[in-house]
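In: predicted structure and sequence below. I'll ask about it afterward.
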Amino acid sequence: MKLENYIRDIQGFPKEGILFKDITPLLNDADATKECLKILAESLKGQKINKVVGAESRGFLFGMLLAQELNAGFVPVRKPNKLPYETISASYDLEYGTDTLEIHKDAIQKGDKVLIHDDVLATGGTAKAVCELVEKLGGEIVQLNFLMELTFLNGRDKLNGYDIFAAVTY
C-alpha cells in the first residue's frame, strides 16, 4: 500500500502559492491509517518510549495512536493559552513573524524517553521548538517522527543531531 495515494494536493490552501498536502483521505481509510501507524511504529525498532509528544494539532492524530501502540503516555504541545495548567513555552520563526508553543511543566520527567510526532516536517521550526520544550523538561528525544517530510524545505537542517523518520517524503 502506497500512503502517497491517500494524500491529496490542494492548490492555493491556506493561501495562494501553497500546495497543501491533505491527509484526510488517509484518515478516512481504516486500512491506510493502520498501515501508516505500522510504518511509523516500526521505525522505532523496539526502543522504549515513555512519552509521545504531539504538536498541535495534526500531530495529535497519529501521536495518540502511537502512544497507545507503544504503551506510552501522550503529551500535547499547544499554541498559547490552550493548556489549563502551568506551562513553559518556546518561540519559533514563521515566514512572517514568530509563533509560540507551550507544554505543561509537569508533562515530561527527567530521563523520559520521548518520541516527538507531527504530521509534516516542513521548515523545521515547529519541531525545533518542541525539541527545546522536551529537553528543557529533561526528556531524552529518541526520534522525531512525521507522517510526511517536504524535503525541498530543508527542515532537517534545523534538527541536526536528532534521529528523524518520515513515512512519506516529497
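Out: Perfect, I can see it now.
In: show me what contacts the residue nearest the centre of the chain?
Out: Residue closest to the mean C-alpha point of the chain, counted by Cα atoms, centre = their mean, is D118 at 1.5 Å. Taking Cβ atoms under 8 Å, 6 or more residues apart in numbering, we find D118 in contact with G54, A55, R58, G59, G63, T126, A127, V130, L144, F146, L147. Glycine gets a C-beta too; all of them are placed from N, C-alpha and C.
In: could you check how far the closest residue to I18 other than its chain neighbours is from G73?
Out: Once flanking residues are discounted, I18 sits nearest to G12: 6.6 Å by Cβ to Cβ, 6 or more residues apart in numbering. From G12 over to G73 the distance is 39 Å, taken as Cβ to Cβ, to the nearest Å.
In: would you mind telling me which of those two has more residues around it?
Out: G73 (16 against 10; other Cβ atoms under 10 Å).
In: I figured that one hits N50, correct?
Out: Yes: when contacts are counted by Cβ atoms under 8 Å, G73 is listed as touching N50 (6.7 Å).
In: could you list the low-pLDDT ranges of this protein?
Out: 95 (pLDDT under 70).
In: ok, which stretches of it are strands?
Out: 8-11, 19-22, 51-55, 73-77, 87-94, 97-104, 113-121, 140-149, 164-169 (DSSP state E).
In: could I get the ones you listed as a markdown table with distance to C36?
Out: Shown next, in a markdown table, are the strands of the chain (distance: least, Cβ to Cβ, whole Å):
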| stretch | distance to C36 |
| --- | --- |
| strand 8-11 | 15 |
| strand 19-22 | 13 |
| strand 51-55 | 15 |
| strand 73-77 | 17 |
| strand 87-94 | 26 |
| strand 97-104 | 24 |
| strand 113-121 | 10 |
| strand 140-149 | 6 |
| strand 164-169 | 6 |
